[in-house]
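S.K.: when you get a sec, could you give me coordinates for this:
(chains A and B)
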Amino acid sequence: MTPLEALEEQSIYIFREAYKHFRQLCMLWSIGKDSTVLLWLARKAFFGHVPFPLVHIDTSYKVPSMIRYRDDLARRWKLQMIVGQNRDALAQGMNHTRGRLTCCRALKTDALRHTLDGSWPRLRMGPDGNYREEEKREAFTGVIVGARADEEGSRSKERYFSPRDHAGDWDVSEQPPELWNQFKTDFAPGTHVRIHPLLDWTEINIWEYIERERIPIIDIYFDDGTGHRYRSIGCECCTTKIASTARDTAEILVELRRTNVPERAGRAQDQEDTYAMEKLRREGYM
Amino acid sequence: MQIVIVGHVDHGKSTLVGRLLADTGVLGDGKLEKVRATCERQGKVFEYAFLLDALEAEQDQGITIDAARVFFRTALRDYIIIDAPGHIEFLKNMVTGAARAEAAVLLIDAKEGVRENSRRHGYLLSMLGIRQVAVVVNKMDLVDFDRAHFDGIAAEYRAFLADVGIRPAHVIPMAARSGDNVATRSNATPWYDGPTVLEAVDGFAKLPSRASAALRMPVQDVYKWGHRGDDARVIAGRVESGTLRVGDRVLFSPSNKTATVASIERWAAPEEQSVEAGRSIGVTLDQQIYVERGEVLSHLQDAPEVGTRLRVNLFWLGKRPMERGRAYKLKLGTAATEVRLHEIHRVLDASDLQARIDKPQVDRHDVADVVLVTRHTIAFDRSADNEITGRFVIVDGYDIAGGGIVRELVPDEHHDLRMQSRLRDIEWVRGDITPGQRAELNGHPATLVMLTGEHGVGKHAVARALEAHLVKRGHHAYLLDGKNVFLGVDADLALDDRDELVRRFGEVAHLLLDAGLLVISTTNVIGLADHRVIETLVAPRPVFTVHLGAPVPGDAPGLNYPAGTAVEGTVEGIVEELRRRGRLRRDA
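M.R.: Down below sits the predicted model:
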């Protein structure tokens, strides 16, 4: 077995454990390359099905083609799509000029928390491919997330199955042990568990897998014709493109094997303060 | 390859990892400078360890609180280095980190020598199944790179590790802070001719494939969708050891069901006729048999052990001690069952294996040799035969609180019968009608309803009324009275040959259940102690007991009615409960 195959098998195993143990299970799909690989692995685990809803948090500032791509794939792959948003903050004009961390906290962290616990309205795609207000909203107890340990420091402390407390907070120093593929599948009422099937994958593994499986990744990762592309995607206002002429997966791999620039260098919120990501993660940011 | 670095607190693990990163040039641009600048701002002297300590809490306390994963690359291959905390409070995190690793670097401070956690970690690594170990004696600069000093520590630690079954590949003198013998050979240790740490790490072998071991695939789940669009049940799981081929006759334990593999299922992948250990797959069978998560798929030969009593070595990490009389959850492979601490052979202080502690419970950070009793029969292996299906964790409340390895099966009082019925089931000759088809035609699966209670309490009246009630509604029910078995099948037996009477009664019940019937049994011969015998003989078909009269201490029947309850009410209650358990149609 190659290292990439070993990663794939482990991810499939984790997916099946999650599906077996969590009745209220969902997966966060940010439309980015990692969670799209995650989506592909879910189909691997369940023989082409995705037997739980996918949750997307729409800040309204996403690169527009991301939303088109999302809905197109959702209809084609028959995905159960749920979309959440911080409608109040947006109504009051929240945007990154009020402070990047403030904006992330409101439009991502708060929106995510209240979408997952069902306390805020959420849109659900119906069989006809159109979104409607979801009527019976339940809190999710298992949330599958595409976080990778190599992305930045705080993520390297995650377990495959990481508990979150009543407020959705992550107590890094009080995590239970996890060994031998025996995961935390028992949890107190009101708490939930974040599940990380991609924890051991690196950015290069992700692209190697996209290439091997020919996963239809969103095209903004590739050179837009001006010699620029996104390496990490998010809100249009806070994500900058890198100079790159990589037009396909193979060319991205060649480029990645040469670079020493961190993946999230183009993500403005990370640069705000040394502990920016950890602060956001403790509060429930993915 | 995943490797873990462990050792006593402050012996320099994070410094070593930081140094490895810096010396092999795998750090992202600017990372080293960024950490140097942060140190300057905070008025601290730069340490390589800070490279890893990405979290505030950690930098404040100066100790690693969790097992952080660091990605790292040499010319040979990619690594994930797990920097495991050395502080005893964080032993659970060290175990978490080490359990994922294929090899370990054990660090010892040259000045402090072998300490409590050096030994505890060594013992735990052994229990976690890690066989490839390199020992590194750090901070050699503090002892002037003195050879005799190094040799003393090396000899002491080698002797300890030998006791726990570990033979280190190398013992390396090193100074992480100055980089001596980390990535480059040190001039200060001309007397040392072994590898540097980096060379030792590159020298670890990938674990050999388990493809040639006995086949084990713990059933993870059963899906009712096949990607071919038919409704074939797909049994999902990971082949943990051995090789599985299409056409193989396979056995599921502990249910003892057998079938032939019809296909190996994977999505968006080439069709395969055989798969080796490590692959997460789906399997379809030549016939629809009902199997559940927790069973182990194997070949008919080299099947796993089945039983309820396990002698194990375990380590305990829970805040509450492990005590007798409390129920825990055992998770082994994909099986989960209630478990109790049955007997403590000895409790050890893992930091001093000579010390045997006489106490009635297993406390946090203890290591113990104990016997566990599970509530349900489970399939497993001795750890020496198969380390994956020979290890387990114990859940206390919501969290994993301990783990361990199986030394051996301890036969319980039903062991011989269980083995006999296993052989019987494997050899059983079947017609073309499967139990599933029979259940569909009958409208209900086979179930044994046992009525128990004192002589004269009215069991027989209830049994007769229940049979009549069910048959009149189109169910295939049959009243099996113990006396009828005695009159014919047992005609050659003496009344006091109880074991054989019970065994024959159980076998007759088994035949009737195989015929797909709802068997209602009542007999005065069979006492409470014999119920487990009957259960063992008819397993995995469920036995539903209904006790009439005063409750018996220690017995938990499916239903209990006081003596004198009206027959009609009792029958209705039983029917309702059978429906609730899915043993009868809803509209029955």
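
S.K.: and the strands in the stretch 51-200 of chain B, which stretches?
M.R.: Along the stretch 51-200 of chain B, the segments classed as strands by DSSP state E, counting those that start in this stretch run B:68-73, B:78-83, B:103-109, B:132-138, B:170-173.

S.K.: chain A too?
M.R.: In order along the chain, chain A carries the following strands (DSSP state E): A:25-28, A:54-57, A:81-84, A:123-125, A:131-133, A:142-144, A:161-164, A:192-195, A:228-229, A:242-243.

S.K.: please identify which of those is closest to chain B.
M.R.: strand A:161-164 (8.1 Å; CB to the nearest CB). Placement of C-beta: from N, CA and C, glycine included.

S.K.: so what are the sheet partners of that closest one and their directions?
M.R.: Using DSSP bridges, the strands paired with strand A:161-164 in its sheet are strand A:192-195 (antiparallel).

S.K.: what does the partner strand contact?
M.R.: Residues from elsewhere that reach strand A:192-195 (CB atoms under 8 Å, 6 or more residues apart in numbering or on different chains): A:14, A:18, A:22, A:116, A:139-145, A:147, A:158, A:160-164, A:168, A:170, A:183-185, A:187, A:286.

S.K.: in chain B, which residue is most central in space?
M.R.: The centroid of chain B falls nearest to B:Leu332 when counting by CA atoms, centre = their mean (1.7 Å).

S.K.: you'd agree that residue is up against B:Ile388?
M.R.: No: the criterion here is CB atoms under 8 Å, and B:Leu332 misses it with B:Ile388 at 9.8 Å.

S.K.: on that earlier part again, gap between the residue nearest to the centre of chain B and chain A?
M.R.: Distance of B:Leu332 to chain A, given as CB to the nearest CB, to the nearest Å: 9 Å.

S.K.: may I see the buried residues of the helix or strand containing B:Val371?
M.R.: Using DSSP states H and E, B:Val371 sits in strand B:367-380. Across strand B:367-380, burial judged by 16 or more other CB atoms under 10 Å in any protein chain shown covers B:367-374, B:377-380.

S.K.: hang on, the earlier thing: pLDDT score for the residue nearest to the centre of chain B?
M.R.: In this model, B:Leu332 is scored at 97, pLDDT.

S.K.: partners of the residue lying closest to it once chain neighbours are set aside in the sheet?
M.R.: Using CB to CB, 6 or more residues apart in numbering or on different chains and skipping the chain neighbours, the partner closest in space to B:Leu332 is B:Phe392 (3.9 Å). As for beta bridges, B:Phe392 partners with B:Gly404 under DSSP bridges.

S.K.: and stretch B:166-182, end to end?
M.R.: End-to-end span of stretch B:166-182 (CA to CA, to the nearest Å): 23 Å.

S.K.: quick one, strands of the stretch 351-500 of chain B?
M.R.: B:352-357, B:367-380, B:391-396, B:399-409, B:447-452, B:477-481.

S.K.: what's around B:Glu454, how many residues?
M.R.: 14 (other CB atoms under 10 Å in any protein chain shown).

S.K.: OK, contacts around it?
M.R.: B:Glu454 touches B:549, B:563, counting by CB under 8 Å, 6+ apart.

S.K.: if anything else comes up later, I'll come back, but that's it for now.
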